[in-house]
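Participant: curious how this folds, go ahead:
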Amino acid sequence: MAVSMGRALLGLVFVIAGTVSAAAAATSLVVLGDWGINVDVQRLVASRIASLPNRPTGVISTGDNFYYQGVADEHDAKFKSGFEDVFGQLGLPWYVTAGNHDCRGNVTGQVKYSKLNPQWNMYVGPRCFLYFSYCNF
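Facilitator: As a prediction, this is how the structure comes out:
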């Protein structure tokens, strides 16, 4: 029996929709912003994330990762004291964007840090749709 093109495409749509729905159901993200100022508060936030009943699959950072002047470069000590020592134990990938305080420092250093720490994901390039009018890259 021949299957019509319409039925075949409809079946494909159901398979794709089922896959997308399953992926969406398995994704939960924590969204943080303006987190880069107080290590004691950062530790409290990290402990709350660790105690969530359903483990998140990642963290989205909306910027202001390092107050007040961002970082100097990808080897800045702020990465260790304000990120690795506090949030590294969570073992979650972070998807990071820059805020105005980050732009007062070296945002390229944060982008380059992505190559040093697989948990930190900050990209700028042709596939990136973020535009910072106040940042110099």
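Participant: how about I37: what's its closest non-neighbour residue?
Facilitator: Y67 (4.2 Å; CB to CB, 6 or more residues apart in numbering). (Each C-beta comes from the backbone N, C-alpha and C, glycine too.)
Participant: cool, and E74?
Facilitator: For E74, the spatially nearest residue (CB to CB, 6+ apart) is K112, at 3.8 Å.
Participant: Y95: neighbouring residues, count only.
Facilitator: 16 (other CB atoms under 10 Å).
Participant: quick one: secondary structure of it?
Facilitator: strand (DSSP: H, G, I helix; E, B strand; the rest coil).
Participant: quick check: it vs G70, distance?
Facilitator: 18 Å (CB to CB, to the nearest Å).
Participant: the residue nearest to E74 and L29, how far apart?
Facilitator: The separation that K112 has from L29, given CB to CB, amounts to 24 Å.
Participant: let me see the ranges of the helices in this structure.
Facilitator: 5-25, 39-50, 77-79, 85-87, 100-103, 107-116 (DSSP state H).
Participant: check the offset of the second one from the chain's centre.
Facilitator: Here the centre of helix 39-50 is set off from its chain's centre by 17 Å, with CA atoms, centre = their mean, to the nearest Å.
Participant: cool, the third one as well?
Facilitator: Centroid separation for helix 77-79 versus its chain: 17 Å, with CA atoms, centre = their mean.
Participant: what do you get for the fourth one?
Facilitator: Helix 85-87 has its C-alpha centroid displaced from the chain centroid by 15 Å (CA atoms, centre = their mean).
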